[in-house]
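# let me see the structure of the following:
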Amino acid sequence: MTLYLQSDIEAGAPGMKAWQIEAGRALLDRLRPPSGFPCVFSQAACRRGRILFAFARGTDPVSLDMAADDLLAYLARARDWDGDVATAEPLVMLFDPATVTGEHVEDYHAHGWRALQYWHDVDPGHWPDSVSRDPESPFWTMCFGGTQIFVNMSNPAHVVRRSRNLGPAFTMVINPRERFDRVAGDTVPGRLMRARIRSRVEAYDDLPHSPLLGSYEAGEIEWWQYGLKETNDLPAGGCPLHMRVDEAAE
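Reported below is the predicted structural model:
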């Protein structure tokens, strides 16, 4: 179980593998000016040195078990958050580009959903009673260790949607979902913040922001937002995640 600080990546801490340092630094370069990266929260966390890193060798059970331990450690740390956006720490989980590869965006999304499915299947926590158990319904969100989380899948196959390309490695950016309610929820200030970020996305990407990006508090479908395609078409088919029998919708 190993979480790395942003400073570990920047310094190349002892024991880190070359691919970990390369992928971590490439991600940080995406966030620093003059890149114009649209997510102001990611940029601010990078500027403050607040990004946490975890690494996964692949999507095999052994690798994903180790990654699950890292995710639990992160969520335990996040429970001590003081509520100040300036101290929020996003988790960046990077997968070894030598083993987690793909030709298309959808190939990488398949890796991501495989990881989420595995973590759900081995989750030691209880699914929160306040969260829907049907991914196709409003107010469903991924949960792990009893905590609601938001997952951003970014990968090197994104060419048009540049805001979802964070370097050479398949990347999952994970935050406790409550943080989005604090700073970009379904309130007047939250809607203004989302509009600001989406305007920046359209300036950074080569297409309008995805219509799938919505607000959990407004009851919009959450899983659509985890992995975005290169087009703004609606997803074909249902959620790739299959809820455990003990957690399935009644």
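
# strands along this protein, start to end?
Ranges of strands within the chain are 4-5, 52-56, 91-95, 143-144, 147-154, 171-176, based on DSSP state E.

# what's the average pLDDT for the fifth one?
In this case it means strand 147-154. The pLDDT scores in strand 147-154 average 96.

# dump the C-alpha coordinates for the helix or strand bottoming out on mean pLDDT in the chain into CSV.
Among the helices and strands of the chain, helix 178-184 carries the lowest confidence by mean pLDDT, DSSP states H and E, at a mean of 74. Extracted as CSV, the C-alpha positions of helix 178-184 are listed here (Å, rounded to 0.1, in the frame of the first residue of the first chain):
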residue,chain,number,x,y,z
GLU,A,178,-19.1,15.4,-1.9
ARG,A,179,-16.3,17.8,-2.9
PHE,A,180,-18.1,18.5,-6.2
ASP,A,181,-21.2,19.4,-4.2
ARG,A,182,-19.3,21.9,-2.2
VAL,A,183,-17.7,23.8,-5.1
ALA,A,184,-19.7,23.0,-8.2
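
# buried set for that helix?
Neighbour-count burial for helix 178-184 flags Glu178, Arg179, Phe180, Asp181, Ala184 (criterion: 16 or more other CB atoms under 10 Å). In short, each C-beta sits where N, CA and C put it, glycine included.

# residues in contact with it?
41, 81, 83, 85, 88, 148, 150, 190, 193-194, 197, 215-217 (CB atoms under 8 Å, 6 or more residues apart in numbering).

# any idea how far it is from the chain center?
Taking CA atoms, centre = their mean, to the nearest Å, one finds the center of helix 178-184 at 15 Å from the center of the full chain.

# quick one: buried residues of stretch 78-88?
In stretch 78-88, the ones that count as buried by 16+ other CB under 10 Å are Ala78, Ala88.

# what do you get for stretch 96-115?
Buried residues in stretch 96-115 (16+ other CB under 10 Å): Asp96, Pro97, Val100, Thr101, Gly102, Val105, Tyr108, His109, His111, Gly112, Trp113, Ala115.

# I'm done for today, thanks for sticking with me.
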